[in-house]
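>>> return a 3D structure for these sequence lines:
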Amino acid sequence: MKNKQIILKKRPVGFPDANTWELETQTVPELEEGEILIAHHYISLDPAMRGWMNDTKSYIPPVALNHVMRAGAIGKVIQNNNNPKFEIGDCVTSWGGVQQFSISNGDGWYKVDEKLASMPVYLGTLGMPGMTAYFGILEVGKIKAGDIVLVSGAAGAVGAIVGQIAKIKGCTVIGIAGGKEKCDALVNELGFDAAIDYKTENIYSALKKKCPKGIDVFFDNVGGVILDAALSKLRMHAKVVICGAISQYNNKHKINGPSNYLSLLVTRSTMQGMVVMDYTKDFGIAAKQMGIWMQEGKLKSKEDVYEGIENFQETYNRLFSGEKNGKLVLKVIE
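Alright, predicted model coming up:
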């Protein structure tokens, strides 16, 4: 049995190019005692992948050169050499990497129920992006009914869920996204109160118009100019949740930090970073609640699925070009 893998060959400076990864084919080895073989059906593509390629101090070690590119994966157990925790046919998810098959002793792999949701949903709303949104807006943002919530990257996998959860909790929600189609979808499909198109609108003027009373909670996935603009609209004791900074990930020089940070002092506000791994022990609680919201029609899940491990880089590029709609997923095996 052959396994196609995406291997990290060099650490990119700026945007990853054609030499960053290499597609390799390896023979799947025989299982040792207690091991299982998982056939990956889908892998998750996330902006965080860009940071994982940098050999710098972070919340998680970098991907090693000449190793399989890190990614969330979901698939099925197709072989089992006496591992009592799993059966052939189990649908499982974990950090399987960008490859078609992986071998494991089972540690870190979790069973999921395909009857409740499709595989791609477990990589999105019921996976890492959904967990990030849930704990980021509820535990770090600590939203309460009546809050005015601003979300950047609002049409993305995390931002779209953040906004919907804030609406469920009785907040007024304004989303920032790129392009009329995405902004219209935020309001008409996901129930946001308003949307700002950063590609065609002046962000400062738009915030003044659509957030005239200011912002209680800003959930930031973007950084840069948008973060600076949002800081200028904070209300007293506002909270800023730093989830990501996709506008800065491919910089060849230093990151552009906020020049408006003194707004935090004036408004006695707080800015806090969040990493979803800190909440692992409570993932089950979050997944159960979001599953209920989905069944009730209060939370919508949107996945943008592409096919072929050979198309990994082209699909990865969509994370930064904006040519996607919802959670970006790559199907790597039938």
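
>>> all helices of the stretch 201-334 of the chain, in order?
Using DSSP state H, counting those that start in this stretch, the helices of the stretch 201-334 of the chain run over residues 203-210, 224-231, 262-266, 283-295, 312-321.

>>> of these, flag the one that's most buried.
helix 224-231 (a mean of 22; mean count of other C-beta atoms under 10 Å). For every residue, glycine as well, the C-beta is placed using N, CA and C.

>>> and the angle for that helix with helix 203-210?
Interaxial angle, helix 224-231 versus helix 203-210 (axes from the mean of the first three to the mean of the last three C-alpha atoms, to 10 degrees): 40 degrees.

>>> please compute how far helix 224-231 lies from its chain's middle.
The chain centre lies 20 Å from the centre of helix 224-231; the measure is C-alpha atoms, centre = their mean, to the nearest Å.

>>> now swap in stretch 161-176 and tell me
Mean-position distance between stretch 161-176 and its chain equals 17 Å (C-alpha atoms, centre = their mean).

>>> kindly check the end-to-end length of it for me.
13 Å (C-alpha to C-alpha, to the nearest Å).

>>> in that stretch, what's buried?
Buried residues in stretch 161-176, counted by 16 or more other C-beta atoms under 10 Å: 161-169, 171-176.

>>> I figured Asn221 was touching Ala157, is that so?
No: using C-beta atoms under 8 Å, Asn221 is not in contact with Ala157; the gap is 9.4 Å.

>>> comparing the two, which shows the higher neighbour count?
With neighbours defined as other C-beta atoms under 10 Å, Asn221 and Ala157 compare such that Ala157 has more, 31 against 27.

>>> I figured the more buried one hits Gly326, correct?
Yes: here Ala157 reaches Gly326: they are 6.5 Å apart, a contact under C-beta under 8 Å.

>>> which neighbours do those two have in common?
Residues touching both Ala157 and Gly326 (C-beta atoms under 8 Å, 6 or more residues apart in numbering): Gly124.

>>> on that earlier part again, quick check: which of the helices of the stretch 201-334 of the chain is nearest to Gly141?
Each of these has some distance to Gly141 by C-beta to C-beta; the shortest is helix 224-231, at 13.1 Å.

>>> list of residues touching that closest one?
Helix 224-231 has contacts (C-beta under 8 Å, 6+ apart) with 150, 152, 176, 198, 203-204, 207, 215, 218, 220, 240, 245, 247-248, 256, 258-261, 263-264.

>>> what's the helix or strand for the closest residue to Ala177 other than its chain neighbours?
Nearest non-adjacent residue to Ala177, counting by C-beta to C-beta, 6 or more residues apart in numbering: Ala155, 4.0 Å away. Using DSSP states H and E, Ala155 sits within no helix or strand.

>>> residue contacts, Ala155?
By C-beta under 8 Å, 6+ apart, the residues touching Ala155 are 175, 177-178, 182-183, 185-186, 325-326.

>>> next step: those restricted to strands.
Among those, the members found in strands (DSSP state E) are 175, 177.

>>> which stretches of the stretch 101-250 of the chain have low pLDDT?
Nowhere does the stretch 101-250 of the chain drop to pLDDT under 70.

>>> now do the strands in it.
101-104, 110-111, 148-152, 172-177, 194-197, 215-220, 234-242 (DSSP state E, counting those that start in this stretch).

>>> of all the ones you listed, which one is nearest Gln295?
Short answer: strand 110-111, nearest of the strands of the stretch 101-250 of the chain by C-beta to C-beta, at 20.0 Å.
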